[in-house]
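Undergrad: Below is the sequence, then the predicted model.
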Amino acid sequence: MFYFHGKKGMDLCLVSDVKLHINAHFIGRKSKKGRDFTWVQSIGVLFGPHQLYIGAKQVSKWKDSMDNMLVQLDQEEIMVPNDKGRTWEFPEVGLRLKRLSETNKIQIKVDGIFDIVASVVPITLKESLIHGYDVTEEDCFAHLELNFKFESLSNMVDGVLGQTYRPSYQTRVKISAAMPIMGGAHKFASSHLFATDCAVSKFGQYWKNTRDMSGMQS
């Protein structure tokens, strides 16, 4: 495991491949040590012509009984009743959503592309005291904890996380460090959550090549 420090307010590319692109929006606080404390507030997932948003709502005082997750598909909110184990399917998109808990934990899967488990969690008072986050009662910095599984990634895949899936990848992180940190944020910076304009973007090349081949055959 390693940690990647973004910057408060930045959108960074986590994964960019020919059929899939995932950006993350970072929230955080200034650190007395000079580096921002940051957490992922939301992700924007592009697959084919579709856009999927998964985000944590801003929360002052955390209550486990309150659902603080927002999910949108193609800019339409998916209303998810608080029924653990319930599954919703969107056959026209090939997407399945399942509640893993009554609040704040879901699984979203598109066969052949990705399987994401997302949880919304707060920064607790104990964590704040231990790490010096200085979190106040105005904002508990609710954020996402994410687990990704990918299928059919190409050898071209890039992004903060995506690059680690390349067969040729060699980490530059000092694994022996107490908290190994990966850098290189400038390569992964995006103009907004659904932008594919980062320096390492690969998304859309599949669709472009498909159109080019179609044009050659006609």
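TA: Cool, got the structure. Residues are numbered from 1 along each chain as shown.
Undergrad: Next, Q51: secondary structure please.
TA: strand (DSSP: H, G, I helix; E, B strand; the rest coil).
Undergrad: you'd agree it is up against D74?
TA: Yes - proximity of Q51 to D74 meets the contact threshold set by CB atoms under 8 Å, at 5.6 Å. Just so you know, the C-beta spots here come from the backbone N, C-alpha and C atoms, and that holds for glycine as well.
Undergrad: More neighbours: which of these two?
TA: In this view Q51 and D74 are compared by other CB atoms under 10 Å, and Q51 has more residues nearby, 16 against 11.
Undergrad: Show me where this protein has its helices.
TA: Shown for the chain, the helices assigned by DSSP state H span residues 125-131, 185-188, 205-217.
Undergrad: least reliable of the ones you listed going by mean pLDDT?
TA: Note on the helices of the chain: helix 205-217 shows the lowest mean pLDDT, a mean of 49.
Undergrad: Check the chain and tell me which residue is nearest its centre.
TA: Most central in the chain under CA atoms, centre = their mean is I43, positioned 3.8 Å from the mean C-alpha point.
Undergrad: can you pull out the strands in the protein?
TA: 3-4, 11-16, 20-29, 37-47, 50-56, 69-73, 76-77, 87-90, 95-99, 105-110, 114-121, 143-150, 181-182, 189-190 (DSSP state E).
Undergrad: and the last one, which strands flank it?
TA: Okay, so that is strand 189-190. Strands adjacent to strand 189-190 in the sheet, as given by DSSP bridges, are strand 11-16 (antiparallel).
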